Each structure stands twice: as C-alpha cells, then as structure tokens.
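J.: Attaching a predicted model along with its sequence, questions to come.
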Number of protein chains: 2
Amino acid sequence: METTDAEKRILKAARKVFEVDGLTGARMQHIADEAGISKASLHYYFRSKEKLFDKIFDEYMERIIPLFSTWHDDGDDWQPKVRKFMHQLADVFRETSVLFLIQEMRRDPEKLEVQLAAKRKKPNAFVAYYQRLRKDGLVRDTDPRVFALAMHGLCAYPYINEPMMCGALRMKPKEYLDFLGSYVEQAAEIVILSMKK
Amino acid sequence: METTDAEKRILKAARKVFEVDGLTGARMQHIADEAGISKASLHYYFRSKEKLFDKIFDEYMERIIPLFSTWHDDGDDWQPKVRKFMHQLADVFRETSVLFLIQEMRRDPEKLEVQLAAKRKKPNAFVAYYQRLRKDGLVRDTDPRVFALAMHGLCAYPYINEPMMCGALRMKPKEYLDFLGSYVEQAAEIVILSMKK
DNA sequence: ATATCGTTTGACCAAATCGTCAAACCATTT
DNA sequence: AAATGGTTTGACGATTTGGTCAAACGATAT
C-alpha cells in the first residue's frame, strides 16, 4: 500500500491547516483548497476530519515521544552526550510543531494518557543517568529533573514562541531561524557549564 | 463603570474555555454553561464572541509584553537582577497561558504586529544591558540573544508543556507544579553560571 | 399598586460546516 | 469500441452555532 501523490498533498495541506487552526478550528474545505482538490475527494481519502487529524497527530507524536526516553549510558564522557541530545531535540522541534501537540493534548487529555501509560513504570532515563554521574562525582549535585526541563525548554521554546521572540530580538523571521542554527550549540554550552562541578 | 459580578463570572469562564479551545474552537454555549447563565445573557454583556475573546487576549498580552522590554541598568550587581527577572517571568507564566497567546498569534499574525510595531525601533533592553556588562568585562563573551532566549525558555516552557514534562518526569500534576516553585531558582542559577567569566 | 429600568431567557433565524451520494470522468483492459 | 474499476466532483441533507428579539422577571422609586 504505497501512499499516492494526492494523499501526500492532502497530508501536507492538513499539517499546515491543523497546525494553525487546531482540530476544532480547521475546516475541511480549507484543507481541500490547500491541497487543490474538492472536499468530496478529501473525504474519499480520509473518511472523516478526525481520522485525518489523528494521522497527523500520531505522526508528530512518534517523533516526539522518543525524545523523552532515549539515553544510553555506555560510560563515555557525558558532555558530548548532552551536546548530541540537544541537537537531536532541536532537529525534531525544527520540523515538528510541539505547540500543535500540546494544544491538542489539553483539549483531549486522554490522548496523552494512552501514549504515556506504558512508560510510566520505568524511571526517566536521563534522571537515572544523571544520578549515576552524580554518584561518580562527575557533575554538580543538583536535581536532575531541573536539567531535563532545561534541555527541553532551551531547545523547544525558541521554535514554539517564534512569533514573540523573533520580534523581541528585533529580527526578521528568516534571520531568526538562521540564528537558531547557531543557538543550539550555545544552549548546549549553557547546560554543560551548569552541570560541571 | 465597575465590573459587575456576572461579568467577572463570564470572564473567568471565557478564560477557561478559550485557553483550551481557542477562538475558533470555543463555543458560546459552552462559555455560558460554565458561567451559569444563558447564551442570550452572555451576548447581553459581550456583543460578540470576538469582542469577548479580545478582552481576554488583551488582558493576557498586557501582562506578557512588559516582560520583553523591562531592564533598567542602575550599575548594581547583575546576578540579583537576573534572578529577580526570572522570578518575574515565572510569576507571570504561572498564571498566564502563553500557549494561548502564541496559538492565537499564529492564527492571526496581525495581532502581533500591532503590539510590537511601537517597540521595533528601540533595541532590546536586555541585549543592550548585556553588551554593557560585556564591555566592562563582567560576563562571558557570548551573544546576549542566546541568554534572552534561555531565560524566557527556561521559565516559560515548563508551564507551556506541563502535560508532557509532567509525565516524562513521572510526577503527578500537583507534585509537578510544586516542583516548579523550587525549579525557578535553580533555572536562574543555570543562567548565572553560564554568564559568569 | 404602578411605573420604570436594568437584567435574563426561550425561541428563533441565517450562515457555516461535516459528511454523503449519484453521476461524471478517465485510464487501462478486453 | 465497450467494459471495468478507481478517482473526482457538484449538489444536497442534517446538524451546529453565532447572534437577535420580544417577552418575562425583579428590584426600586413614585
């Protein structure tokens, strides 16, 4: 079952519209127009608005979820690990609207429960890793959850709140996004400096 | 013209509903139910959905906007200033949904333009301050915009993405919000450590 | 008791919107 | 050229929703 060309155009259009208007605000006609087809054709490919929405939502969720659990402790130096992880975060957030996901999870909290129910049991992978480093006297003696929040926040926020920060820093959108490319490395530096003993 | 009791109940209900559903997704009937009045009464106080929405939006905007321009350089030590500023940020973000604002600005970019047009001319206040500190050799030689982003991100993100981070850190909502109380001070510490020479 | 005036509401309307369906379209096979 | 089967669409129905309005309500003054 290969995804046809029309299907791809629809998904692209749906991403664009759903990201801005959300499930309730989006209009099927608007998505159809954006994809260059009729509303009836749209329903031919995806039976209902919710079916289409779920496709986008799940696609995004599959990219985001791993970021909350990946950390393998192989004994190597921790600093390159932090740097690499934060670049991974930024790479995903650059092309995946977390804003869209958060907004939808607020509207329908059940969606989150389903995704997280499985992971609830194991402890957070990064927290466990940092505690090991702390025990070995390699890092500062601080609550690891603070750094978990910091890494995510530093990487995600600039993309989430582009509208405001772009204006606050007196930059044009293009200029701002270019800047974020070099920003990530410095954000990683911030985290590393504050972890060091 | 004092704000009557009914008016307050409506505004409270509207905040609740708009924050979750957005302008397009929110239903006037839903807001009326939440406020315990009829839909007709709701229209008696606020002629239209957009009028009511703008009231909430402007109220939030007035709290957020100052956070992007306040910084007075009186020559005192910079570290307490950073700490104080980040606590201010957290205080506002705790009770003002930035998510709501960002979402709406994406939907209607014109709203942002109006708010920022005036400030565009002057340079960002924090950036100017940090450059002065740098010239005086008091801080690390880094792009100040990175720290501007960092301070905002560290304070705002934990509140914006409560749904995910709360689950990722294996905490209950109540526990998580309590944790954020002590988090802010440590987040400020992160920024200060990374600014130091 | 009656009038006055701000408040509240059930009933209603017009517009928007999701989803359906039969007919048209078109490429490929027979 | 006729048949087949997947694709596309205009038109339509059912429902939802923002907003209106005349009538009812209730407190206060006359």
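T.: Noted; the coordinates are in hand.

J.: show me the contacts for A:Ala187.
T.: A:86, A:154-155, B:146, B:149-150 (CB atoms under 8 Å, 6 or more residues apart in numbering or on different chains). Placement of C-beta: from N, CA and C, glycine included.

J.: how near is A:Tyr45 to A:Met28?
T.: Counting by CB to CB, to the nearest Å, the gap from A:Tyr45 to A:Met28 is 12 Å.

J.: how about A:Met105, what does it touch?
T.: Applying CB under 8 Å, 6+ apart, we find A:Met105 in contact with A:111-112, B:163-164.

J.: So among those residues, where is pLDDT lowest?
T.: Model confidence across the contacts of A:Met105 bottoms out at A:Leu112, which has 76.

J.: I'd like the distance between that residue and A:Phe57.
T.: A:Leu112 is 11 Å from A:Phe57, where distance means CB to CB.

J.: So which elements touch the least confident helix or strand in chain A by mean pLDDT?
T.: Within chain A, confidence by mean pLDDT, DSSP states H and E is lowest for helix A:110-116 among all helices and strands, at a mean of 76. Packed against helix A:110-116, as judged by 3 or more CB pairs under 8 Å, 6 or more residues apart in numbering or on different chains; DSSP states H and E, are the following elements: helix A:98-107, helix B:162-168.

J.: where exactly do the helices run in chain A?
T.: Applying DSSP state H to chain A gives helices spanning A:5-25, A:28-35, A:39-45, A:49-64, A:78-95, A:98-107, A:110-116, A:125-135, A:144-160, A:162-168, A:173-195.

J.: Is it possible to get TSV of those that adds distance to DNA strand C?
T.: What follows is the helices of chain A, written out as TSV (distance: least, CB to the nearest atom of the strand, whole Å):
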stretch	distance to DNA strand C
helix A:5-25	9
helix A:28-35	4
helix A:39-45	4
helix A:49-64	3
helix A:78-95	26
helix A:98-107	15
helix A:110-116	17
helix A:125-135	39
helix A:144-160	26
helix A:162-168	23
helix A:173-195	28
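
J.: from those, which stretch is densest packed?
T.: Mean neighbours per residue, mean count of other CB atoms under 10 Å in any protein chain shown, is largest over the helices of chain A for helix A:144-160, with a mean of 24.

J.: is it possible to export the helices of chain A to CSV including distance to B:Asp5?
T.: Conversion of the helices of chain A to CSV gives the following (distance: least, CB to CB, whole Å):
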stretch, distance to B:Asp5
helix A:5-25, 30
helix A:28-35, 40
helix A:39-45, 46
helix A:49-64, 39
helix A:78-95, 44
helix A:98-107, 28
helix A:110-116, 35
helix A:125-135, 47
helix A:144-160, 37
helix A:162-168, 34
helix A:173-195, 44
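
J.: so which of those gets nearest DNA strand D?
T.: When these are compared by CB to the nearest atom of the strand, helix A:39-45 sits nearest DNA strand D, at 2.8 Å.

J.: Show residues contacting that closest one.
T.: Residues contacting helix A:39-45 (CB under 8 Å, 6+ apart): A:6-7, A:10, A:28-29, A:31-32, A:35, A:52.
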